[in-house]
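*Asks:* Curious how this folds, go ahead:
(one chain, ligands or ions: 1)
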Amino acid sequence: MPLMSDDDFTVHTDDCEKQEGGWMPISDLPDEVSDIEDLECECWSAFDSLAAVQNG
Ligand SMILES: [Zn+2]
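*Replies:* Just a heads-up that it's a prediction; the model follows:
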């Protein structure tokens, strides 16, 4: 499940190295995320595409 930072509203994987307390699990990616490139953190590099993210 993706996590959203409450500091800057970036979205991360649940095993992101930068994870801090207070990050909020979100069931779906934000609407403004339309491409894997919109997910800027390197924790997403394990995924090839947004479809791979959404399919778990
Ligand atoms: Zn991250």
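*Asks:* contacting residues around stretch 4-12?
*Replies:* For stretch 4-12, the external contacting residues (C-beta atoms under 8 Å, 6 or more residues apart in numbering) are 2-3, 18-20, 22-26, 29-30, 33, 39-41, 43-44. C-beta coordinates here come from the backbone N, C-alpha and C atoms, glycine included.
*Asks:* Okay, and which of the residues you listed map to strands?
*Replies:* Among the contacts of stretch 4-12, DSSP state E puts 3, 24-25 in strands.
*Asks:* ok, which residues in the chain are in contact with the ion?
*Replies:* With C-beta under 5 Å from the ion as the criterion, the chain comes near the ion at residues 12, 16, 41, 43.
*Asks:* mind running it again at 6 Å?
*Replies:* Residues of the chain lying close to the ion (C-beta under 6 Å from the ion) are 12, 16, 18, 41, 43.
*Asks:* hang on, isn't the third one packed against Glu40?
*Replies:* No: the pair Lys18 and Glu40 fails to qualify as a contact (C-beta atoms under 8 Å) at a distance of 11.4 Å.
*Asks:* distance of the nearest residue to Met24 once chain neighbours are set aside from Ile26?
*Replies:* Leaving aside its sequence neighbours, Met24 sits nearest to Met4 (C-beta to C-beta, 6 or more residues apart in numbering; 5.0 Å). Using C-beta to C-beta, to the nearest Å, one gets 5 Å for the distance from Met4 to Ile26.
*Asks:* Quick check, pLDDT for the nearest residue to Glu32 once chain neighbours are set aside.
*Replies:* Nearest residue to Glu32 in three dimensions, chain neighbours excluded: Asp38, at 7.0 Å (C-beta to C-beta, 6+ apart). With respect to pLDDT, Asp38 has a value of 94.
*Asks:* Make residue 1 into 12 and carry on from there
*Replies:* I'll keep to 12 as the first residue from here, and by that count the last item is Asp49.
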